[in-house]
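Asker: Kindly generate the corresponding structure for this input.
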Amino acid sequence: MAREEEHYYSKHGEPRKFDPNFRGPIHNRNCTDVLCCIIFVVVILGYIALGIIAWVHGDPRKVVYPTDSSGEFCGQKGTANENKTILFYFNILKCASPVVLINLQCPTTQLCVSKCPDKFTTYIDMQRAYRWSRYPWENYKPFCKPEFNNPWKSVTEVLRDEDCPSMIVPSRPFLQRCFPDFTTRNGILSVGNETMFKDGVGKKRNVTDLRDAANGINNVLGARQLGMKIFEDYAISWYWILIGLCIAMVISLLFLLLLRFTAGVLFWIVIFCVIGVIGYGIWHCFWEYSTLKGKPGADLTISDIGFQTDFRVYLQIRQTWLAFMIILCIIEVINILMLIFLRNRIRIAIALLKEGSRAIGCIMTTLFYPVITFILIAICISYWAVTAVFLATSGEPVYKIMASEMQCKYANRTCDPATFGTSNVTKLCPGAQCTFAFYGGESLYHKYIFILQICNVFVFLWLVNFAIALGQCTLAGAFASYYWAFRKPADIPSSPLLSSFGRAIRYHTGSLALGSLILAIVQLIRIILEYLDHKLKGAQNACARFLLCCLKCCFWCLEKFIKFMNRNAYIMIAIYGKNFCTSARDAFFLLMRNVVRVAILDKVTDFLLFLGKLLIAGSIGVLAFFFFTHRIPLLEQEAPSLNYYWVPILTVIFGAYLIAHGFFSVYAMCVDTLFLCFLEDIERNDGSPDRPYFMNESLMKILKIVNAKQK
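Answerer: Numbers count the residues shown, from 1 in each chain. Prediction:
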């Protein structure tokens with residue numbers, strides 16, 4: 001037996017030995033992982049430099065303003081287009097869909113205009129009417145090129161040179177672009193109260209051609225209307241939403257403080273309810289099995305009927321219910337045996353949960369630390385988003401030849417608008433135009449913009465993980481100070497949270513950066529795999545898709561494992577002040593020496609916290625439902641009238657869940673810290689006057705140990 005124990009500890013490290021000077025988190029410590037700290041600081045400085053370079057070269061106006069065929073911004077102040085804020089397409093029939101219009105380039109001339117056309121007109125009709133009045137030309141001229149002022153020019157030449165559109169269509173602005181003004185009456189689609197229109201080249205066409213050219217535009221416009229109504233609801237109900245979120249915060253706080261009294265009751269009630277539900281399932285399966293006895297076809301086996309798409313067929317067979325009953329019996333027996341043989345470990349887990357509630361009650365400032373983490377993450381997200389936008393808009397205007405003839409060999413080639421008119425392209429490809437295509441460039445900076453975007457994402461992940469790691473290490477240090485105080489709360493040092501934060505920043509920035517770096521690398525690989533999966537969705541290679549799916553699964557598991565190990569490593573760093581690798585190894589061996597306790601505590605904690613989040617979000621959601629649907633008599637007059645009452649209700653539910661998650665993340669970190677300290681306490685001490693246990697009396701009672709009294 002002694003040899004087996006010696007072999008076990010040789011595999012999972014030596015138990016922690018007694019240290020008479022140890023009284024919680026060590027104050028006299030040295031800086032750890034200095035090299036990683038230096039690299040981290042250099043990367044941050046490089047990230048700032050990247051942002052500055054992106055801000056110098058980038059121009060967000062390329063995202064805010066639409067761009068015409070000359071590469072000029074629509075609506076830009078100080079230019080000729082200052083009052084022309086909308087982009088107009090000469091021939092929208094050439095555009096396949098709104099996605100092409102917004103994100104790519106439609107092969108037709110695009111012009112900045114001050115307003116969209118409001119009626120059907122063709123250039124031919126305008127030219128005929130111009131003989132009698134200048135009014136038709138004045139209405140048509142805003143949709144022609146600014147330099148064009150010759151309404152007598154032949155239609156063939158105008159359309160060839162794309163001086164003016166062949167037709168204009170009643171439109172309305174959306175996303176700063178003119179889209180056909182579709183309406184539906186009695187199931188008939190129309191534009192400007194017309195179902196047919198002239199296309200300007202001698203044909204009459206149905207407005208369904210416009211609908212096909214702007215496929216899905218009605219859904220997009222409907223989404224805009226829905227968005228406006230939702231915005232109105234938020235504007236009316238924001239005050240009550242904030243009140244609901246404040247109530248959620250108070251309930252979350254009370255729930256944590258009351259867990260010391262309710263943790264055990266909640267857990268055992270739910271466990272016995274689960275056993276009862278499974279028992280009912282066994283009885284129901286037996287009842288169905290008995291009822292089907294003697295019925296025609298009920299004695300067939302599953303293999304006899306084979307695979308059926310209608311699964312109700314299987315429910316008419318006795319063998320199905322017998323299989324269900326056997327499976328449920330196995331699950332029931334496993335649950336009962338676990339409760340019998342692991343009851344003491346479950347009691348330890350519940351006692352630690354109660355102790356976590358007491359610790360938070362003694363160090364209330366820890367409940368507000370997630371606000372600091374939230375602010376740091378918000379700064380990281382903002383900096384990443386702004387840098388990404390400036391990088392994406394860092395290019396110079398690139399012009400390409402747009403030709404209506406598919407056989408033109410110069411189509412899609414780059415061109416220079418200044419010299420295009422004197423080239424022979426217009427002769428070889430009649431109607432070809434040198435139009436703005438996108439933003440890019442040929443310089444070294446422009447060639448590596450994609451690489452810089454990847455660096456932007458990677459450093460963003462690193463910084464976010466560092467902010468989370470800093471919070472975990474800070475909270476771990478504060479709660480470790482609580483556990484290793486022999487007389488609680490008298491021996492708890494002053495300002496434990498602030499002291500722990502100072503130690504983490506001063507001594508362990510490198511260790512936290514190293515753990516965050518490992519996690520960021522895995523997360524970046526997962527992002528790349530998701531990108532490849534998105535690109536290969538249409539691929540027919542089943543082997544490649546299967547391999548990609550396996551890689552995604554493996555890296556998902558790896559990320560979860562690294563998060564678990566990092567969390568426990570940060571606890572050991574907060575207590576002992578060692579480097580990341582040593583702390584991770586010590587935490588891993590300590591957990592492996594107590595693997596059953598780890599599994600039970602993890603599941604019990606996750607279950608109770610999930611139950612708490614569900615309870616808080618659900619109760620606030622029910623309260624919000626009764627309030628916003630005017631079902632509370634005392635507040636019926638106060639409740640606002642809304643377009644969609646589900647908007648504030650879902651907002652309150654989601655916000656309440658996030659608030660509960662923020663509070664409970666502190667609680668989870670508290671329980672994990674106390675658990676590691678508890679395991680160390682068992683290995684370090686034996687209850688003698690010289691080596692007393694630091695755990696509370698309830699834990700010692702469960703373990704049937706006592707501290708010997710001082711003589």
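
Asker: And stretch 275-286, what's buried?
Answerer: Applying a neighbour-count criterion of 16 or more other CB atoms under 10 Å, one finds 278, 281-282, 285-286 buried in stretch 275-286. No exception for glycine: its C-beta is placed from N, CA and C like everyone else's.

Asker: Low-confidence bits of the stretch 351-500 of the chain, can you list those?
Answerer: Within the stretch 351-500 of the chain, the set of residues satisfying pLDDT under 70 comprises 395-397, 403-407, 421, 431, 436-444.

Asker: all helices for it, in order.
Answerer: Listed in chain order, the helices of the stretch 351-500 of the chain (DSSP state H, counting those that start in this stretch) span residues 369-392, 417-420, 425-428, 444-447, 449-483, 496-507.

Asker: In CSV, list these along with distance to residue 342.
Answerer: As requested, the helices of the stretch 351-500 of the chain are arranged in CSV below (distance: least, CB to CB, whole Å):
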stretch, distance to residue 342
helix 369-392, 33
helix 417-420, 77
helix 425-428, 81
helix 444-447, 61
helix 449-483, 24
helix 496-507, 33
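
Asker: follow-up on the earlier one: got TSV for the buried residues of stretch 275-286, with secondary structure and distance to residue 602 too?
Answerer: As requested, the buried residues of stretch 275-286 are exported to TSV (DSSP: H, G, I helix; E, B strand; the rest coil; distance: CB to CB, whole Å):
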residue	secondary structure	distance to residue 602
278	helix	22
281	helix	26
282	helix	28
285	helix	31
286	helix	35
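
Asker: What is the least confident helix or strand in this structure?
Answerer: Across the helices and strands of the chain, mean confidence by mean pLDDT, DSSP states H and E is lowest for helix 98-103: a mean of 39.

Asker: Report the strands that pair with the following helix or strand past that one, each with its relative direction.
Answerer: Moving toward the C-terminus from helix 98-103, the first helix or strand encountered (DSSP states H and E) is strand 110-113. Here strand 110-113 has these sheet partners by DSSP bridges: strand 86-89 (antiparallel).

Asker: Can you give me the buried ones in the partner strand?
Answerer: Of the residues in strand 86-89, those with enough neighbours to count as buried (16+ other CB under 10 Å) are 86-89.

Asker: Tell me where the stretch 101-250 of the chain has helices.
Answerer: Counting by DSSP H, counting those that start in this stretch, the helices of the stretch 101-250 of the chain are 123-130, 135-140, 155-161, 207-213, 217-291.

Asker: Residues contacting the first one, please?
Answerer: Right, the one you point to is helix 123-130. 135-137, 139-140, 151-152, 155, 158-159, 164-167, 198, 200 (CB atoms under 8 Å, 6 or more residues apart in numbering).

Asker: repeat that for 7 Å
Answerer: Applying CB atoms under 7 Å, 6 or more residues apart in numbering, the set of residues contacting helix 123-130 from outside is 136-137, 140, 151, 155, 158, 164, 166, 200.

Asker: Quick one: mean pLDDT over that helix.
Answerer: Along helix 123-130, the predicted confidence averages to a pLDDT of 84.

Asker: just to revisit the earlier point, so can I have a markdown table of the helices of the stretch 101-250 of the chain showing distance to residue 414?
Answerer: Below are the helices of the stretch 101-250 of the chain laid out as a markdown table (distance: least, CB to CB, whole Å):
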| stretch | distance to residue 414 |
| --- | --- |
| helix 123-130 | 30 |
| helix 135-140 | 33 |
| helix 155-161 | 21 |
| helix 207-213 | 27 |
| helix 217-291 | 31 |
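
Asker: and the gap between residue 488 and residue 363?
Answerer: Residue 488 sits at a distance of 11 Å from residue 363 (criterion: CB to CB, to the nearest Å).

Asker: wait, what's in contact with residue 196?
Answerer: Residue 196 makes contacts with 204-206, as judged by CB under 7 Å, 6+ apart.

Asker: Who are the contact partners of residue 420?
Answerer: Listed by CB under 7 Å, 6+ apart, the contact set of residue 420 reads residue 434.

Asker: gap between it and residue 68?
Answerer: Computed as CB to CB, the residue 420 to residue 68 distance reads 16 Å.

Asker: related to what we said a few turns ago, from the contacts of helix 123-130, pick the one nearest residue 636.
Answerer: Comparing those against residue 636 with CB to CB places residue 140 closest, at 57.5 Å.

Asker: The closest residue in space to the closest one that isn't next to it in sequence: how many residues sit nearby?
Answerer: Take residue 140 and drop its neighbours on the chain: the residue closest to it by CB to CB, 6 or more residues apart in numbering is residue 126, 4.6 Å away. Number of residues near residue 126 (other CB atoms under 10 Å) recorded here: 21.

Asker: about what we covered before: which one of the contacts of helix 123-130 has the most neighbours?
Answerer: Each of those was scored for neighbours by other CB under 10 Å, and residue 164 scores highest at 26 neighbours.

Asker: Mind listing what's buried along stretch 567-583?
Answerer: The neighbour-count criterion (16+ other CB under 10 Å) identifies 567-580, 583 as the buried residues of stretch 567-583.

Asker: residues making contact with it?
Answerer: Stretch 567-583 is contacted by residues 25-26, 29, 32-33, 469, 472-473, 476-477, 480, 500, 504, 507-508, 511, 514-515, 584, 586-587, 591, 672-673, 676 when judged by CB under 7 Å, 6+ apart.
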